[in-house]
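*Asks:* Give me the fold of what follows.
(one chain, ligands or ions: 3)
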Amino acid sequence: MIVKVRRFKEGRFVTDQYQLDIRMPLTVLEILYRIREEHDPTLSFRVMCRASVCGTCGVKVNGKPVLACNTRVDGEEEILIEPLQEVGVLKDLVVDQEHLPQILKRHRLWLVPSDEAISVSKETLFKTAKAWDCIACDICNAVCPPLQEGREFGGPMAFTRAYRITEDPRDTLAEGRLEDLLNMNPRQCVHCSNCNLFCPKGCMPERWINLIETKLVGAGLLSKKEEDFGFLGF
Ligand code: SF4
Ligand code: SF4
Ligand code: FES
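*Replies:* Ligands and ions are numbered 1, 2, ... in the order given. Alright, predicted model coming up:
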């Protein structure tokens with residue numbers, strides 16, 4: 001198999017090519033290790049858990065954003081591995097992830113619990129289960145047009161996190177939380193569904209954005225969209 005790796009080296013992108021003898025399906029991560037062991041010990045990439053849990057190993061394979069550790073390559077004659085994003089690449093395939101804690105901080109995306117013991121119902125856990133699966137891998141953000149265009153928008157990862165907090169009865173921020181959600185500008189979402197399509201954990205971020213928007217309309221903080229008045233028939 002020919003493996004091309006688009007690497008950021010000495011301030012510019014270069015594409016290096018490696019020939020690997022692969023006789024069984026391997027993950028992209030295993031292929032990167034093989035390149036490092038057999039061809040180039042300087043190849044840099046991010047990895048921690050190797051089990052789709054830590055969210056650090058995002059790369060693009062043949063143009064599609066994936067987790068390297070849970071993506072198998074089987075039978076292809078040639079693949080191209082690239083950094084997850086064009087901007088903020090530190091070395092080879094390693095992208096700066098400093099913006100992730102900054103997103104969480106900017107939008108207060110953590111639970112602020114009361115001192116009382118409050119139990120979470122099974123229904124709430126069931127309703128938010130998919131949002132809890134988010135591993136902050138940044139893949140959805142990397143394919144989100146408004147974020148990539150630099151618009152003021154919380155982005156799919158932030159909304160996924162926000163939904164599970166706003167539905168949690170232990171959270172005490174109430175009105176303040178709604179203001180935070182409003183400041184994340186849910187209406188910047190263009191509903192392209194890229195986030196749903198590429199999320200490796202099936203979190204369906206666009207769904208949470210829709211639900212949060214509905215919540216803000218219900219609270220009177222956002223107006224109804226014009227198309228919501230379509231029944232008027234003009
Ligand atoms: S559906 Fe919305 S949040 Fe998801 S990628 Fe598209 S614009 Fe971004
Ligand atoms: S919603 Fe999915 S794609 Fe986005 S950060 Fe979470 S796990 Fe990754
Ligand atoms: S190495 Fe942790 S998600 Fe891939």
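*Asks:* next SSE after the helix or strand of the chain with the lowest mean pLDDT?
*Replies:* Averaged element by element with mean pLDDT, DSSP states H and E, the chain has its least confident helix or strand at helix 174-183 (a mean of 91). Later in the chain than helix 174-183, the nearest helix or strand by DSSP states H and E is helix 194-198.
*Asks:* Does that following helix reach ligand 1?
*Replies:* Yes: legend: contact between helix 194-198 and ligand 1 by CB under 6 Å from any ligand atom is shown at 194-195. Where you see a C-beta, it was placed from the backbone N, CA and C, and this is true even at glycine.
*Asks:* before we move on, back to that, for the least confident helix or strand of the chain, give me every contacting residue.
*Replies:* With contacts defined as CB atoms under 8 Å, 6 or more residues apart in numbering, helix 174-183 is touched by 107-108, 154, 162, 165-166, 171, 173, 212, 215-216, 219, 221-222.
*Asks:* can you check stretch 130-142 too?
*Replies:* With contacts defined as CB under 8 Å, 6+ apart, stretch 130-142 is touched by 52-58, 65-67, 84-85, 95, 97, 100, 147-148, 155-157, 160-161, 163-164, 194-195, 198-205, 207-208.
*Asks:* Tell me the buried residues within these.
*Replies:* Those of the contacts of stretch 130-142 that meet the buried threshold are 52, 54-58, 65-67, 84-85, 95, 97, 100, 147, 155-157, 160-161, 163-164, 194-195, 198-201, 203-205, 207-208, by 16 or more other CB atoms under 10 Å.
*Asks:* What residues of the least confident helix or strand of the chain count as buried?
*Replies:* Neighbour-count burial for helix 174-183, with 16+ other CB under 10 Å as criterion, is recorded at 177-178, 180-182.
*Asks:* repeat for stretch 7-16
*Replies:* Going by neighbour count (16+ other CB under 10 Å), the buried part of stretch 7-16 is 7-8.
*Asks:* Go ahead and confirm C57 touches A51.
*Replies:* No: the pair C57 and A51 fails to qualify as a contact (CB atoms under 8 Å) at a distance of 10.1 Å.
*Asks:* list residues touching both of those two?
*Replies:* With CB under 8 Å, 6+ apart, C57 and A51 have common neighbours C69.
*Asks:* and H99, what does it touch?
*Replies:* G88 are the contacts of H99 under CB under 8 Å, 6+ apart.
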